[in-house]
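Q: got a predicted model here, sequence first, then my questions.
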Amino acid sequence: MAARNNREMKILVADDDPLTRRLLQETLEHAGYEVIAVADGRAALECFSRKDGPRLALLDWLTPEVNGLSVCREIRRHSEYPYIYLILLSSRRAKEDILSGFEAGADDYLTKPCDLEELKARLRAGERIVKLEDKLTHDALHDTLTQLPNRTFFLERLALCVVWGLQHPDYKFAVLSVDMDRFRVVNDSLGNAAGDWLLVQIADRLRGSIRRDDAILRSAEEGGMAGHPEEIGMLARLGGDKFTILFDHIRDASEGIRVAERIQHNIQAPFYIDGQGVFTTASTGIAFSGSGYSAAEDMLGDANTAMSRAKVLGKGRYEMCDPSMHATAAGRLRLETDLRRATEREEFRVHYQPIVSLGEGHIIGFEALVRWQRPEFGLVMPGGFISAAEDTGLILWIGNWILQQACRQICAWNQQFPCSPPFTMAVNISAKQFAQKDLVSQVGGILRDSGLAPDKLRLELTESVTMRDEERTTRILGELKALGVRLCIDDFGTGYSSLSYLRRFALDVLKIDRSFVSEMLNNSESQEIVKTILSLGSNLGMEVVAEGVETPEQVSRLKALGCDFAQGYFFSRPLDSAGVVRTLVNSEQNFYTLPQESPGRLVAPVR
Ligand code: C2E
Ligand code: MG
Ligand code: MG
């Protein structure tokens with residue numbers, strides 16, 4: 001029976017003499033150690049390089065190939081190994097030999113034949129040193145209150161991920177920076193001891209939030225950097241009420257977000273201190289590896305910036321960031337605030353771009369394009385604010401407002417400039433707008449209020465907007481069609497539409513994306529795409545409008561290919577309503593002069 005239980009301490013015995021090896025192995029196993037016995041120095045080194053390798057070693061000086069002395073030197077060269085206590089065994093008793101053993105890195109030196117009781121006593125001394133070393137390492141890398149990894153440990157781990165990420169673009173990881181809201185109130189009102197107690201409870205709940213469950217099982221199974229087999233990330237305490245979590249081997253942003261939401265949920269339940277319920281919330285910032293961080297500190301810094309933003313935006317929430325966020329965070333914040341105010345002050349304007357028939361060159365209708373008259377910035381184009389409007393949900397108000405303006409406006413022009421058939425009005429509908437439950441009744445209401453004939457309104461949708469939920473899309477498009485409005489697919493060719501998709505949704509108009517039109521004359525592939533879209537439209541009985549037409553050569557080629565309608569700077573830039581009225585008054589029959597069939601002759605549009 002083993003004298004002591006040393007099972008957790010592995011010991012390596014390296015000796016080329018089988019008898020000595022066997023004797024040492026049996027003695028040490030009897031003393032309770034887990035023994036790995038090898039015959040030469042190379043095998044010994046191989047054992048140390050493994051994870052969970054031995055922490056104690058008995059090395060015979062004279063092992064073949066790589067001798068005990070060289071093994072000592074080699075081990076000391078590897079600073080990444082945990083501390084290994086090395087005892088050299090040798091029959092050499094000369095003082096110089098003993099000294100050179102210590103010089104090489106040995107902790108102890110025993111001469112052969114050795115007394116087995118003395119050997120065990122020396123090993124016990126070695127064990128004490130290894131354990132002390134482990135404690136020092138642990139304390140240097142852990143927070144004493146929660147026993148979680150500290151900032152140094154966290155950054156060390158994160159640095160490994162960053163290096164690996166630079167070499168392997170598919171490897172993705174995320175950092176969550178979590179800060180408790182109003183924690184100081186607890187410390188100030190209940191005292192520091194209560195604050196400390198609460199932090200330990202919070203650490204427990206955070207740990208619970210990164211436990212594996214079915215939804216996030218995958219990352220744990222792929223061997224993520226979890227500190228515990230049940231956990232899918234590494235939780236650390238940076239100090240105070242600031243925690244961080246590192247996830248690696250994640251698929252995409254959604255995994256980080258899922259955990260952030262779980263944290264939000266778990267933290268908001270009350271904590272009870274002496275029967276008194278204490279409530280807190282957490283603000284979380286998320287940084288993703290995708291954009292190639294080269295320093296762990298930068299990534300943690302970005303997660304912290306996002307976390308601060310979550311605080312500014314109302315606490316108890318999470319915010320994501322990307323590398324460009326550094327510079328844009330403040331600007332974006334201001335943009336969103338200003339946008340909110342812009343809806344109250346109605347700072348938006350609608351510009352109208354004519355859509356022209358390529359047969360005679362007359363205007364058949366207009367596309368409404370939003371602009372923002374932003375104080376101090378001037379007229380801002382949609383590219384500068386539509387995505388922020390989408391993110392904040394303000395697009396719903398803006399979209400509805402534009403629809404009203406555009407419908408009223410086209411009714412007014414159709415009265416002022418009667419023509420046959422009357423002008424149409426195209427209005428862009430964003431993804432968020434399309435997702436609204438009451439979109440159809442909104443459109444119906446605006447049509448009724450403005451008195452516009454439904455078939456004069458064209459709603460422009462992009463492929464991505466309509467592809468999300470096929471069943472719902474089919475239903476909503478059907479209801480819109482039932483109202484009598486016309487449906488257009490905008491920027492056609494840039495998404496993933498299939499033929500069956502176009503047929504199923506019974507769309508009326510295809511708008512060829514500007515990128516194909518602008519490349520059409522010097523790129524045969526673009527020209528082929530334009531041709532294909534035109535024949536697709538004709539086969540399905542749809543109208544086709546070419547977008548972004550800028551030159552007479554493009555007009556001629558489009559006409560030659562059988563395209564009936566176009567829109568672009570060649571005819572007119574988007575104009576404010578006064579500009580449209582001027583154009584309609586000046587060109588009596590509302591038409592533009594088209595280039596002659598001989599391409600190359602430049603004809604200026606009528607103004
Ligand atoms: P879009 O619907 O494809 O609109 C056409 C864009 O191309 C407009 O840009 C227009 O000014 C521009 N354009 C027209 N002809 C030419 C040309 O010959 N050359 C060039 N280089 N550009 C031309 P804009 O007004 O900046 O709008 C950009 C996008 O913003 C629109 O693309 C649309 O997706 C979105 N947008 C505009 N207004 C609204 C709106 O009221 N609601 C929503 N949800 N989105 C809008
Ligand atoms: Mg459009
Ligand atoms: Mg477009």
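A: Received, thanks. Ligands and ions are numbered 1, 2, ... in the order given.

Q: which residues of the stretch 151-300 of the chain fall in strands?
A: With strands called from DSSP state E, counting those that start in this stretch, the stretch 151-300 of the chain shows them at 173-180, 234-239, 242-248, 271-273, 276-278, 282-288.

Q: identify the bridge partners of Lys242.
A: Lys242 forms beta bridges with Asp179, Gly239, as assigned by DSSP bridges.

Q: for His249, see how far away the residue of the stretch 101-250 of the chain found nearest ligand 3 is.
A: Residue nearest to ligand 3 within the stretch 101-250 of the chain: Pro169 (32.1 Å; CB to the ion). Bear in mind the C-beta positions are built from the backbone N, C-alpha and C, glycine included. Distance, Pro169 to His249, using CB to CB, to the nearest Å: 14 Å.

Q: Phe565 is nearest to which of the strands of the stretch 151-300 of the chain?
A: strand 282-288 (42.9 Å; CB to CB).

Q: what's in contact with that closest one?
A: 172-181, 253, 256-257, 260, 263-264, 267, 293, 299-300, 302-311, 315-322 (CB atoms under 8 Å, 6 or more residues apart in numbering).

Q: list buried residues within those.
A: Using 16 or more other CB atoms under 10 Å as the burial test, these include 172-181, 256-257, 260, 263-264, 267, 293, 299-300, 302-307, 309-311, 316-321 as buried.

Q: show me what contacts Glu543?
A: For Glu543, the contact set (CB under 8 Å, 6+ apart) comprises 508-510, 537, 564-565.

Q: ok, Ala506 next?
A: Counted by CB under 8 Å, 6+ apart, Ala506 has contacts 477-478, 481, 487.

Q: write out the residues of the stretch 451-600 of the chain neighbouring ligand 1.
A: Counting by CB under 6 Å from any ligand atom, the stretch 451-600 of the chain comes close to ligand 1 at 460, 490-491, 514, 547-550, 567-569, 574.

Q: quick one: closest of the strands of the stretch 151-300 of the chain to ligand 2.
A: Proximity to ligand 2, assessed across the strands of the stretch 151-300 of the chain by CB to the ion, is greatest for strand 282-288 (31.3 Å).

Q: figure out how far that closest one is from the centre of its chain.
A: 11 Å (CA atoms, centre = their mean, to the nearest Å).

Q: direction included, what does it pair against?
A: strand 173-180 (antiparallel), strand 318-321 (parallel).

Q: and the ones you listed as TSV, adding distance to ligand 1?
A: What follows is the strands paired with strand 282-288, written out as TSV (distance: least, CB to the nearest ligand atom, whole Å):
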stretch	distance to ligand 1
strand 173-180	31
strand 318-321	23
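
Q: got the phi/psi numbers for Asp449?
A: phi -60, psi -40 (degrees, to the nearest 10).

Q: which SS state does Glu460 fall under?
A: strand (DSSP: H, G, I helix; E, B strand; the rest coil).

Q: would you mark the buried spots in the helix ranked longest in the chain?
A: Ranked by number of residues, the top helix in the chain under DSSP state H is helix 116-141. Neighbour counts over helix 116-141 (16+ other CB under 10 Å) mark 119-120, 122-123, 126-127, 130, 141 as buried.

Q: and the residue of the stretch 501-607 of the chain nearest ligand 3?
A: Glu547 (4.9 Å).

Q: that'll do, ta.
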